[in-house]
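Chemist: Next come a sequence and a model predicted from it.
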Amino acid sequence: MTRVLYPGSFDPIHNGHLEIVETAARLFDHVVVAAMRNPQKGEPLFSLDERREMLEEAVAHLDNVTVTMFSSLVVDLAQELRADFIVKGLRAVSDFESELQMAQMNHKISGVDTLFIPSASGNSFLASKLLREITRFGGDVTAMVPPAVAKRLQEKYVP
């Protein structure tokens, strides 16, 4: 059985993330989606518990996907879960540069390999940060996020 770990901040999950999860779920026996607090990305909009709920709702249709939270190194979680690989999504060349460096570092310190899954061009522009900003200013992101996420974004920004 091949188990992979798909880590990210998922603040919030969007259709690009979901595309990567669905692709990984077709390719591998078990996918663990893990949300984390990423201090490099500033203060999150959603708590870890809220992100867990949104992730669980978004992947409920996938029998071989589970959700967890973590606050350690990705490779430590990968080893704890006995993941065969770490999976990362790529939107653009700029993602590849930073993700490659991280993948090489992760391999050096743990021996765990990272596999890259490119997103379809229809989702390659999606970024949680941009979706939060659009919603904050009254824009409509319902076509870019799972329905439960659109609802929660509205609740966060509409008084």
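Modeler: Sure thing, it's come through. Numbers count the residues shown, from 1 in each chain.
Chemist: pull the longest helix from this structure.
Modeler: Assignment by DSSP state H gives helix 93-110 as the longest helix of the chain.
Chemist: hmm, who's touching whichever helix or strand comes after it?
Modeler: Scanning forward in sequence from helix 93-110 by DSSP states H and E, the next helix or strand is strand 113-118. Outside of strand 113-118, the residues within contact range by CB atoms under 8 Å, 6 or more residues apart in numbering are 4, 20, 23-24, 85-91, 96, 99, 102-103, 106-107. Bear in mind the C-beta positions are built from the backbone N, C-alpha and C, glycine included.
Chemist: quick revisit: buried residues in the longest helix of the chain?
Modeler: For helix 93-110, the buried set under the neighbour-count rule, 16 or more other CB atoms under 10 Å, comprises 95, 99, 103, 106.
Chemist: so residue 135 touches residue 154, yeah?
Modeler: Yes - when contacts are counted by CB atoms under 8 Å, residue 135 is listed as touching residue 154 (6.9 Å).
Chemist: give me every residue that touches residue 8.
Modeler: The contact partners of residue 8, by CB under 8 Å, 6+ apart, come to 17, 33, 34, 35, 36.
Chemist: so, if you compare those, which one comes nearest to residue 123?
Modeler: residue 17 (8.7 Å; CB to CB).
Chemist: any idea of the pLDDT on that closest one?
Modeler: Looking at residue 17, its pLDDT is 97.
Chemist: roughly how far apart are it and residue 55?
Modeler: Separation of residue 17 from residue 55 (CB to CB, to the nearest Å): 9 Å.
Chemist: Overlap of the contact sets of these two?
Modeler: Residues touching both residue 17 and residue 55 (CB under 8 Å, 6+ apart) are residue 10.
Chemist: more neighbours, residue 135 and residue 154?
Modeler: When residue 135 and residue 154 are compared for neighbours, residue 135 comes out ahead with 23 against 14, by other CB atoms under 10 Å.
Chemist: where's residue 88, which helix or strand?
Modeler: Per DSSP H and E, residue 88 falls inside strand 85-90.
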